[in-house]
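K.L.:
Make a model of this:
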Amino acid sequence: MNHHMWTWTRRAGLVTGLLLAAGCARSTGEAGVKPIGVGFDPGDIFGAPEQRGGVIDFTQARLMGHQLDLGITGFFGSGGAFVDPQSDPFDTTLGFGYLFSPAITAADEYTLISPKGPDVPGACFAQINNRGPLGSFRTVDVGEQMTLRNVVDPDAEEPARQMDFTLFRDPQDYPVNTTNVFLLYSGFDNLRLGQSAFSDTWAYGQDLALHFDGGLPPGGAPVASIPLSSDQEDPRVSKDPGDPMVWSPDELGDVFVSNQDNGDDAQLMRYAPLSGGLPSPQLNDGVIHLTWETPTNRPDDSVVTVSLKLLRDGDEGEPLDGGASCLPAQAIEPVSGERDLAWSIAYNDDKKRWCDDGFEPDLAIGNDEGGPFFDDDGIASEIDTCHDNVDADGNGFCDEGGCFDDDGAWLPPDPTCSRHVFQTAACGTDGRCRATGGDRTGDGTIGELICTATDTGEFTVPKDEIDAFLAQIDVTTAVGAVVIVARTTEALVTLPSVRDPVGNTDDINPVRLRTSQVHYGRLAWTQPTETE
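P.N.:
Just a heads-up that it's a prediction; the model follows:
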């Protein structure tokens, strides 16, 4: 876990002072730049900060673009891109949270995993260099774990499946020396829906209850605690019986992205390893136009957040194991004109020096892992059932990357096509390996433009907002761009009172409890030329 995540999102205060004196005012003209948020008062975009006793963020993450990994969430460091079917899941459940004693105003708009935009729908703001200390506080122990589960009515005609997703305390066991103990709760799991042997790890469109058993830290630990379970009544803080609740919104489906104001030529956000990326706002009308499927259940309780995030270049690169320098991955044509056994040996020897030895740049090489690499005459097979982007073998899966069939139904990638067709790491001119997607860690962001939309199925991030955002950063340092679309509900919940290390009680309420589904997709971003 990246401990730099214990930071907070600074508010973008937008204050315009107009000092006009009759007969003394200087002549003015158009500045040529529209500041982010013009048209809204600062108090509309963000109200005055209010104290919160913590943030608990449950997220279902869906990585919908090539060369993306969990590092883009900021929850993990970059851990290798999900690039082929054997790298599933692309859908995961993530959770992170901690409680503060005393409550602090910095937690009011703090972003953990799911993005937090302006409070007023239709507004955008930029986050540049938004990492900093959260404040002075004690973390709170509520037990070894906290669990989010749905409320199942056993008497219903069709009872919902049980859903359980657990965040575990870190550290699980207190060290002997408790001087520097800092508690947080985090969890990560595959997305499981409808598997008979396991409970689900997520539920859409249902009421969810947060439960913990309560905690008692050892003497001398510099942490507070809630010794009561989350479902107990506590009149001291006006806590009613029962676990705190939050609504999990409907699944965010059919997200289409266009760079035209009218939404023409929109592309579906989905996992597509052969695609060049979603439409870039560098082209056409210079916008990010989005449409999505509107919720059926409680549409007024959710908002959709849209984020344009620019990624910086990675570090100085890493040598191969043993310190050897790498070779660029490239298709090598045989000298003799035939891909015989001698060519195969030489080719595979070169591949050992590639940064990404699973990458196969030569589309003529058959990569059906269920078939022979050589034919009966010892010649490399050129039959390729994994790059034709159709269901050639009729097994209900799309060969290689996923595609639509003739009836318009989406076919998932064929699990027998296990080699990926683009690089997760490339060899630089200095012989060192670098991730192709740039630095995807939590600190790998140059800047981010975040907008809030009502959950009505359509929103456009306007060109002037994007232009003003890009004017604040050095765009030439960006190696890629990601669009993040999230459907979120948030509840301010009441927890039992907190006991500090010397026995005093503290009311830290309310606490922010969030559930979100977050889609991550890569934009087809290119480096600007000197004339741009």
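K.L.:
C-alpha from now on. contacts and neighbour counts both.
P.N.:
OK.
K.L.:
what kind of secondary structure is Met146 in?
P.N.:
strand (DSSP: H, G, I helix; E, B strand; the rest coil).
K.L.:
To clarify, my last question referred to Tyr204.
P.N.:
Relying on three-state DSSP, one would call Tyr204 coil.
K.L.:
try Gln172
P.N.:
coil.
K.L.:
ok, it to Pro218 distance?
P.N.:
Applying Cα to Cα, to the nearest Å, the value for Gln172 to Pro218 is 13 Å.
K.L.:
again, but for Asp474
P.N.:
49 Å.
K.L.:
Compare neighbour counts for the two and give me the winner.
P.N.:
Pro218 (13 against 10; other Cα atoms under 10 Å).
K.L.:
The more buried one: what's it in contact with?
P.N.:
Contact partners of Pro218, counting by Cα atoms under 8 Å, 6 or more residues apart in numbering, are Tyr174.
K.L.:
And it, how far from Ala224?
P.N.:
Counting by Cα to Cα, the separation of Pro218 from Ala224 is 10 Å.
K.L.:
Strands of the stretch 1-150 of the chain, residue ranges please.
P.N.:
52-63, 91-104, 124-128, 138-141, 145-150 (DSSP state E, counting those that start in this stretch).
K.L.:
Using CSV, write out every CA atom in the second one.
P.N.:
Listed in CSV are the C-alpha atoms of strand 91-104, where the atom choice follows Å, rounded to 0.1, in the frame of the first residue of the first chain:
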residue,chain,number,x,y,z
ASP,A,91,-13.3,-6.0,-12.9
THR,A,92,-12.2,-5.8,-9.3
THR,A,93,-13.6,-4.6,-5.9
LEU,A,94,-11.4,-2.2,-4.0
GLY,A,95,-12.0,-0.6,-0.6
PHE,A,96,-10.0,1.8,1.6
GLY,A,97,-10.9,3.9,4.6
TYR,A,98,-9.9,5.3,7.9
LEU,A,99,-11.5,7.2,10.8
PHE,A,100,-10.1,10.2,12.5
SER,A,101,-10.2,11.4,16.1
PRO,A,102,-10.9,14.3,16.4
ALA,A,103,-13.0,14.9,13.2
ILE,A,104,-11.2,17.1,10.7
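K.L.:
tell me which strands and helices it is in contact with?
P.N.:
Secondary-structure packing of strand 91-104 (3 or more Cα pairs under 8 Å, 6 or more residues apart in numbering; DSSP states H and E): strand 52-63, strand 138-141, strand 184-190.
K.L.:
Adjacent strands (with direction) for that strand?
P.N.:
strand 52-63 (antiparallel), strand 138-141 (antiparallel), strand 184-190 (antiparallel) (DSSP bridges).
K.L.:
What score does Asp108 have for pLDDT?
P.N.:
Asp108 carries a pLDDT value of 82.
K.L.:
Does it touch Ala48 like I think?
P.N.:
No - counting by Cα atoms under 8 Å, Asp108 stays clear of Ala48, with 9.4 Å between them.
K.L.:
So which of those two has more stuff around it?
P.N.:
Taking other Cα under 10 Å, Asp108 and Ala48 do not tie; Asp108 has more neighbours (22 against 10).
K.L.:
List the neighbours of stretch 154-171 that are in contact with it.
P.N.:
Contacts for stretch 154-171 (Cα under 8 Å, 6+ apart): 95-96, 143-150, 152-153, 183-188, 194, 199-203.
K.L.:
Show the buried residues in those residues.
P.N.:
Listed as buried from the contacts of stretch 154-171 are 95-96, 143-150, 183-188, 199-203; burial here means 16 or more other Cα atoms under 10 Å.
K.L.:
Who are the contact partners of Asp254?
P.N.:
268-269, 291-293.
K.L.:
Kindly reformat these as JSON lines containing pLDDT and secondary structure.
P.N.:
JSON lines is the format used below for the contacts of Asp254 (pLDDT from 0 to 100; DSSP: H, G, I helix; E, B strand; the rest coil):
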{"residue": "Leu268", "pLDDT": "89", "secondary structure": "strand"}
{"residue": "Met269", "pLDDT": "87", "secondary structure": "coil"}
{"residue": "Thr291", "pLDDT": "97", "secondary structure": "strand"}
{"residue": "Trp292", "pLDDT": "97", "secondary structure": "coil"}
{"residue": "Glu293", "pLDDT": "96", "secondary structure": "coil"}
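K.L.:
Start and end of stretch 226-236, how far apart?
P.N.:
Terminal residues of stretch 226-236 are spaced 13 Å apart (Cα to Cα).
K.L.:
buried set for it?
P.N.:
226-231, 233-234.
K.L.:
what's the closest of the residues you listed to Arg339?
P.N.:
Distances from Arg339 to these, taken as Cα to Cα, are shortest for Ser230 (66.6 Å).
K.L.:
Quick check: that closest one is in a strand.
P.N.:
No - with three-state DSSP as the criterion, Ser230 is assigned coil and is not in a strand.
K.L.:
For Thr494, see how far away it is.
P.N.:
Taken as Cα to Cα, the span from Ser230 to Thr494 is 9 Å.
K.L.:
hey, what's in contact with both of these two?
P.N.:
Shared contacts of Ser230 and Thr494, counting by Cα under 8 Å, 6+ apart, come down to Pro244.
K.L.:
For the closest residue to Arg149 other than its chain neighbours, identify the helix or strand it belongs to.
P.N.:
Nearest residue to Arg149 in three dimensions, chain neighbours excluded: Asp164, at 4.6 Å (Cα to Cα, 6 or more residues apart in numbering). Element membership for Asp164 (DSSP states H and E) is strand 164-170.
K.L.:
Pairing partners for that strand, with directions?
P.N.:
So strand 164-170, judged by DSSP bridges, has these partners: strand 145-150 (antiparallel), strand 184-190 (antiparallel).
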